[in-house]
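**Q** fold the following for me, if possible:
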Amino acid sequence: MREPLGLRVWQFVSAVIFSGVAIMALTFPDQLYDAVFEEESVNSKTPIRLYGGALLSISLIMWNSLYTAEKIIIRWTLLTEACYFGIQFLVTTITLFVCISIYYYYQVGCRPKKV
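**A** Model (predicted):
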């Protein structure tokens, strides 16, 4: 099988980044929360640690796919990454979309200005 240029490098970098963030979420949840949200301290560390556990699972999949030559396994791991990043993008931008929608909803409901 002929692999695309940079595939193994991408798999390695992905595995390292997923592992790093997962370990940080599991061991230092307060620091990760502060780095992402820049707000007060979180009351419960459980959601951040659950996030770290999920990322650790994905990183283990990435590490195992690094040593395989089977095309279907490589495709599924890349699909897993694409789904993760797609969902993360939607979750982080949904607040922006809600704010814009509320602004336009308010503007449509306002009375027109007299010129």
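
**Q** for the least confident helix or strand in the chain by mean pLDDT, list every residue counted as buried.
**A** Averaged element by element with mean pLDDT, DSSP states H and E, the chain has its least confident helix or strand at helix 29-37 (a mean of 79). Counting neighbours by 16 or more other C-beta atoms under 10 Å, one finds that the buried residues in helix 29-37 are 29, 32-33. The way it works is simple: take the backbone N, C-alpha and C, and place the C-beta from them, glycine included.

**Q** now swap in stretch 37-55 and tell me
**A** 45, 48-49, 51-52, 55.

**Q** what are the buried residues along the longest helix anywhere in the chain?
**A** Taking DSSP state H as the assignment, the helix of the chain that covers the most residues is helix 71-109. By neighbour count, with 16+ other C-beta under 10 Å as the criterion, the buried positions of helix 71-109 are 74, 77-78, 80-81.

**Q** now the angle from that helix to helix 29-37?
**A** What separates the directions of helix 71-109 and helix 29-37 is an angle of 60 degrees, with axes from the mean of the first three to the mean of the last three C-alpha atoms, to 10 degrees.

**Q** pLDDT of helix 71-109, averaged?
**A** In this model, helix 71-109 has a mean pLDDT of 87.

**Q** other SSEs contacting that helix?
**A** Counting contacts by 3 or more C-beta pairs under 8 Å, 6 or more residues apart in numbering; DSSP states H and E, the secondary-structure elements packed against helix 71-109 are helix 7-27, helix 46-65.

**Q** nothing else from me, thank you.
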